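Novice: No sequence on hand, only this structure:
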């Protein structure tokens with residue numbers, strides 16, 4: 001397992017931007033694919049975006065495609081740049097990691113999770 005620490009959450013007006021970061025150690029992302037999920041009260045955790053360990057393979061949920069960009073900044077950091085935010089993007093955002101080359105979109109594929117960071121978008 002990998003220890004993951006998210007940062008960068010906050011409150012922003014609709015149309016604004018935020019950047020989330022996920023920090024690991026030991027060059028974890030050279031061995032693990034990573035993803036961001038989000039969760040709102042009463043709902044299941046849902047996939048947002050994922051990136052392979054090479055940093056080249058990315059995937060996005062249709063609801064964020066074109067607005068969010070996931071990137072591997074270095075082998076210990078994965079970021080999620082979020083633009084044109086809307087209130088439906090509100091939730092706790094979690095970073096996750098899985099051993100393997102490619103991301104997956106289901107929570108049970110991941111065995112390492114961060115503690116989450118709150119994102120609130122107000123209109």
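Specialist: Sure thing, it's come through. It should be emphasised that the depicted structure is a prediction, and the values quoted were computed from it without experimental measurement.

Novice: Only C-alpha atoms from now on, for both contacts and neighbour counts.
Specialist: Noted.

Novice: thought residue 9 was touching residue 121?
Specialist: No: using CA atoms under 8 Å, residue 9 makes no contact with residue 121, being 10.5 Å away.

Novice: can you give me the helices in this structure?
Specialist: Assigned helices in the chain: none (criterion: DSSP state H).

Novice: So which residue is dead centre in it?
Specialist: For the chain, the residue nearest the mean C-alpha position is residue 36 (2.2 Å; CA atoms, centre = their mean).

Novice: wait, what's in contact with it?
Specialist: Contacts for residue 36 (CA atoms under 8 Å, 6 or more residues apart in numbering) come out as 47, 48, 49, 50, 80, 93, 94, 95, 96.

Novice: Could you list everything the last one pairs with in the sheet?
Specialist: Judged by DSSP bridges, the bridge partners of residue 96 are residue 35, residue 113.

Novice: Run a quick neighbour tally on the closest residue to residue 93 other than its chain neighbours.
Specialist: The shortest distance from residue 93 to any non-neighbouring residue, by CA to CA, 6 or more residues apart in numbering, is to residue 38 (4.3 Å). Using other CA atoms under 10 Å, residue 38 has 22 neighbouring residues.

Novice: ok, now the one 10 residues further on?
Specialist: Neighbour count for residue 48, taken as other CA under 10 Å: 24.

Novice: Please give me every residue in contact with it.
Specialist: Residue 48 neighbours (CA under 8 Å, 6+ apart): 35, 36, 37, 38, 60, 61, 64.

Novice: and what of residue 22?
Specialist: Residues in contact with residue 22 (CA under 8 Å, 6+ apart) are 4, 5, 6, 7, 77, 78, 79, 95.
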